[in-house]
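A.B. asks: After the sequence you'll find the predicted model.
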Amino acid sequence: MKANKVIVCALSAILLLSSCGMPNAAKGGLIGGGGGGALGALIGGLIGDGKGAAIGAGVGAVVGAGAGILIGNKMDKAKKAAEAANAKAEVLTSENGTQYVRATFDSGLLFNTGSSTLSATAQTSIKTFVTKLVAEDNTFDLAIIGFTDNQGFKGCTVEQSAAKNVELSQNRANAVKNQIVGSGYPASRIKKTEGLGEQNPVADNSTVAGRQQNRRVEVYIIASQDMINAANAQSK
């Protein structure tokens with residue numbers, strides 16, 4: 001935590017997209033291979049590299065091999081949409097076969113220390129991200145989750161600081177959501193917006209570098225029921 005932090009923890013924010021090595025277009029076919037697989041009976045365990053709670057209701061749809069490839073192509077393009085906005089981007093597959101995208105923006109581009117107001121640079125980056133994403137498809141479902149490190153607030157107990165960190169992470173997640181919607185993405189596609197504060201650290205809170213990684217906002221891009229239905233119909 002920086003020395004000049006007096007009242008609130010400095011939080012960073014991240015937009016994430018995630019991948020498993022091989023191109024998702026090729027990997028997508030594995031979802032429905034061998035008779036079809038469930039693409040998200042419940043979308044869970046995605047937060048913090050699989051260490052978190054469910055982020056939304058699953059679609060429970062069966063995806064054929066052809067549809068899986070089509071969705072894989074879309075996830076690859078969603079990854080590129082984040083990269084065009086200077087985000088670190090990956091595509092991941094959860095244990096139940098759900099493909100999703102996570103995007104990570106440098107914390108300094110999103111918020112000033114102790115603030116939940118997006119910087120002008122962050123607003124531009126998110127607009128670029130949304131423009132590129134909508135150009136591919138506006139039926140991705142999104143989940144936006146805010147996190148902090150475990151540093152306390154001056155004059156607060158551990159419990160009070162934890163509660164304030166939840167509030168700040170929620171405000172930052174809301175700010176990202178509002179910017180995404182304001183940039184033209186359908187509000188109905190934002191399935192979850194939540195601040196989890198100090199939960200689910202991805203790095204060591206005892207180091208400056210680790211705390212910086214833990215201060216983040218994660219945006220998950222998920223295949224919606226509508227997207228799966230369209231892909232199934234197109235692949236017939």
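C.D. replies: Received the coordinates, thanks.

A.B. asks: what ranges do the strands span in this protein?
C.D. replies: 37-39, 42-43, 56-57, 61-63, 88-93, 99-104, 141-147, 190-195, 216-222 (DSSP state E).

A.B. asks: Can you list the buried residues in stretch 197-214?
C.D. replies: 197-202, 205, 211-214 (16 or more other C-beta atoms under 10 Å). No exception for glycine: its C-beta is placed from N, CA and C like everyone else's.

A.B. asks: what's the span of it from first residue to last?
C.D. replies: Stretch 197-214 has an end-to-end distance of 10 Å (criterion: C-alpha to C-alpha, to the nearest Å).

A.B. asks: What is the burial count for residue 143?
C.D. replies: Neighbours of residue 143 under the rule other C-beta atoms under 10 Å: 24.

A.B. asks: Can you give me the distance of it to residue 169?
C.D. replies: Per C-beta to C-beta, to the nearest Å, residue 143 is found 14 Å from residue 169.

A.B. asks: cool, and residue 80?
C.D. replies: Counting by C-beta to C-beta - residue 80 and residue 169 are separated by 28 Å.

A.B. asks: and if you look at residue 185?
C.D. replies: 21 Å.

A.B. asks: Name the residue in those two with the higher neighbour count.
C.D. replies: Ranked by neighbour count (other C-beta under 10 Å), residue 185 and residue 169 place residue 169 first, with 27 against 21.

A.B. asks: these two touch, right, the more buried one and residue 196?
C.D. replies: Yes. Counting by C-beta atoms under 8 Å, residue 169 touches residue 196, with 6.2 Å between them.
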